[in-house]
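**Student:** Prediction below, plus the sequence it came from.
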Amino acid sequence: MNYIVPFLSLFFVFIIQLSSATANGFCLQTYIVHVDLPDSQMLSDQLETWYSLFLPTTLASETDQTPRIVYSYRNVFPGFAAKLTPDEAKAMEKKAGFISAKPDDMPLHTTHTTIEFKGTITGDRKSPTVADFSARGPNYESQGILKPDVVGPGVNILAAWPNLVANNNTRSNYFEMISGTSVSCPHLSGVAALTKSAHPDWSAAAIKSAIMTSADVMDRENHPIMDEEHLPADVFAVGAGHVNPARASDPGLNYDIAPDDYIPYLCGLNYTSREVSRILLRRAHCSAVPIIHEGQLNYPSFAIRLGSPNQTFTRTVTNVGVAVSSYNVEVVAPHGISVVVTFETLNFTRLNEKSTYEVSFRGSEYVGDTFDSRQGYILWKSAKHSVRIPIAAFHL
């Protein structure tokens with residue numbers, strides 16, 4: 001069974017997978033339309049109106065009154081998804097502000113027949129694998145933060161559907177077989193909810209850390225997770241690994257981040273005080289905080305630029321496992337890079353006790369002008385828990 005990455009990041013992005021349809025003899029296909037906004041401060045209701053102005057009046061639109069815009073993008077890019085004929089998509093090119101209209105070529109796997117239960121097939125030894133349309137890293141906007149975070153189920157998922165789906169037996173249902181982030185995100189949201197129910201006092205960052213550090217990197221045959229080409233999937237395809245709901249509730253150690261810890265991080269990305277204040281919904285002053293390198297955020301992963309000077313970052317872990325416990329470090333360094341951790345062992349005597357360590361990366365020289373990526377990990381292991389964080393080293 002294939003899987004797709006859900007982007008669990010500082011900013012969540014949801015991409016809707018949409019289908020083709022036929023209405024009144026006209027072939028309607030879903031197009032992703034990219035437009036230029038006349039005003040970046042447009043409100044949501046204004047966006048809907050602006051997007052609707054791009055829809056041309058044709059024989060198909062006059063004959064079929066079905067709403068054409070099926071999704072409006074607000075965060076990924078300015079634009080919308082709409083069911084159009086090829087002629088309608090072509091006609092939009094004359095509209096002021098139009099940038100592009102491309103068919104949604106990500107297949108939507110749907111069923112229009114009676115769902116008949118014939119048993120569950122289990123035991124696929126190659127499961128999980130990463131789907132070809134699963135989004136890959138690196139994180140161009142914040143290159144010191146590894147993306148994706150994790151992978152989860154997202155291909156051929158039986159999911160609820162807002163519109164009735166008729167089948168050949170004249171029956172209708174509200175379910176479809178769907179692939180994409182739209183059905184992958186609920187899996188991860190459910191894992192987060194389960195973890196939160198087990199630990200009501202944990203922050204969102206602590207829950208994300210638990211999901212990432214407990215993720216699986218091997219398939220059912222105990223081989224590295226593969227991609228769509230049947231090759232080992234790299235860190236920019238799987239992130240920390242495939243989500244493991246059972247282990248996420250008992251990760252052993254957590255890499256927590258307090259809300260105020262994001263302020264020096266955001267200011268370090270050259271956001272203005274006004275922009276940071278909008279994110280926080282309260283006043284923030286970048287001049288009043290010590291700006292940090294993005295790699296210094298207490299994130300459960302590392303992303304290192306090849307060719308950069310020697311770098312040292314700190315990480316703080318919180319003991320959420322066994323009160324009295326010791327964790328020994330195991331380091332697998334990316335090729336050509338020296339990774340040095342200040343402590344070989346972390347000792348704890350009580351729950352919620354914190355311990356801070358430093359990680360130094362040296363020897364990351366790179367000569368060339370092509371993309372290159374290498375990977376490794378740091379593993380803290382106790383008698384009961386294994387806490388793994390990935391390392392990505394790359395050159396764009």
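**Tutor:** Yes, it's here.

**Student:** drop to CA atoms for contacts and neighbour counts, all remaining ones
**Tutor:** Fine.

**Student:** can you pull out the helices in the stretch 101-250 of the chain?
**Tutor:** With helices called from DSSP state H, counting those that start in this stretch, the stretch 101-250 of the chain shows them at 181-198, 204-213, 235-238, 245-248.

**Student:** and those helices as JSON lines, adding distance to residue 325, mean neighbour count and mean pLDDT?
**Tutor:** Formatted as JSON lines, the helices of the stretch 101-250 of the chain follow (distance: least, Cα to Cα, whole Å; neighbours: other Cα atoms under 10 Å; pLDDT from 0 to 100):
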{"stretch": "helix 181-198", "distance to residue 325": "21", "mean neighbour count": "19", "mean pLDDT": "93"}
{"stretch": "helix 204-213", "distance to residue 325": "18", "mean neighbour count": "26", "mean pLDDT": "97"}
{"stretch": "helix 235-238", "distance to residue 325": "30", "mean neighbour count": "27", "mean pLDDT": "94"}
{"stretch": "helix 245-248", "distance to residue 325": "18", "mean neighbour count": "18", "mean pLDDT": "94"}
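
**Student:** Could you list the buried residues of stretch 84-103?
**Tutor:** 84, 85, 86, 88, 89, 92, 98, 100, 101, 103 (16 or more other Cα atoms under 10 Å).

**Student:** Please enumerate the helices of the stretch 251-396 of the chain.
**Tutor:** 262-268, 273-280.

**Student:** Give the burial count for the nearest residue in space to residue 244 that is not next to it in sequence, as a bare number.
**Tutor:** Excluding its sequence neighbours, the residue lying closest to residue 244 (Cα to Cα, 6 or more residues apart in numbering) is residue 215, at 5.3 Å. Applying other Cα atoms under 10 Å, we find 28 residues neighbouring residue 215.

**Student:** so what's residue 215 up against?
**Tutor:** Listed by Cα atoms under 8 Å, 6 or more residues apart in numbering, the contact set of residue 215 reads 150, 240, 241, 242, 243, 244, 247, 248.

**Student:** and the buried residues of stretch 84-103, which two are the farthest apart?
**Tutor:** By the measure Cα to Cα, 85 and 98 form the most distant pair in the buried residues of stretch 84-103, at 16.8 Å.

**Student:** Serialize the helices of the stretch 101-250 of the chain to TSV and add fields for distance to residue 132.
**Tutor:** Formatted as TSV, those follow (distance: least, Cα to Cα, whole Å):
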stretch	distance to residue 132
helix 181-198	13
helix 204-213	22
helix 235-238	10
helix 245-248	24
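
**Student:** about what we covered before: okay if I get the buried residues of stretch 84-103 as TSV plus pLDDT?
**Tutor:** Formatted as TSV, the buried residues of stretch 84-103 follow (pLDDT from 0 to 100):
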residue	pLDDT
84	86
85	86
86	87
88	86
89	86
92	86
98	86
100	83
101	86
103	85
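
**Student:** of the residues you listed, closest to residue 134?
**Tutor:** residue 103 (17.7 Å).

**Student:** Identify the bridge partners of the closest residue to the closest one other than its chain neighbours.
**Tutor:** Nearest non-adjacent residue to residue 103, counting by Cα to Cα, 6+ apart: residue 31, 4.3 Å away. Counting by DSSP bridges, residue 31 forms beta bridges with residue 82, residue 103.

**Student:** Least confident of the helices of the stretch 251-396 of the chain, on average?
**Tutor:** Looking at those, the lowest mean pLDDT belongs to helix 273-280 (a mean of 90).

**Student:** Any buried residues in that helix, and which?
**Tutor:** Residues of helix 273-280 classed as buried: 273, 276, 277 (neighbour count, 16+ other Cα under 10 Å).

**Student:** what does stretch 264-275 give?
**Tutor:** 264, 265, 266, 267, 268, 272, 273.

**Student:** Any idea how far apart the tips of it sit?
**Tutor:** End-to-end distance of stretch 264-275 (Cα to Cα, to the nearest Å): 13 Å.

**Student:** just to revisit the earlier point, got TSV for the helices of the stretch 251-396 of the chain, with distance to residue 352 too?
**Tutor:** Shown next, in TSV, are the helices of the stretch 251-396 of the chain (distance: least, Cα to Cα, whole Å):
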stretch	distance to residue 352
helix 262-268	21
helix 273-280	27
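
**Student:** Nearest to residue 356, out of these?
**Tutor:** Nearest of the helices of the stretch 251-396 of the chain to residue 356, taken as Cα to Cα: helix 262-268 at 18.2 Å.
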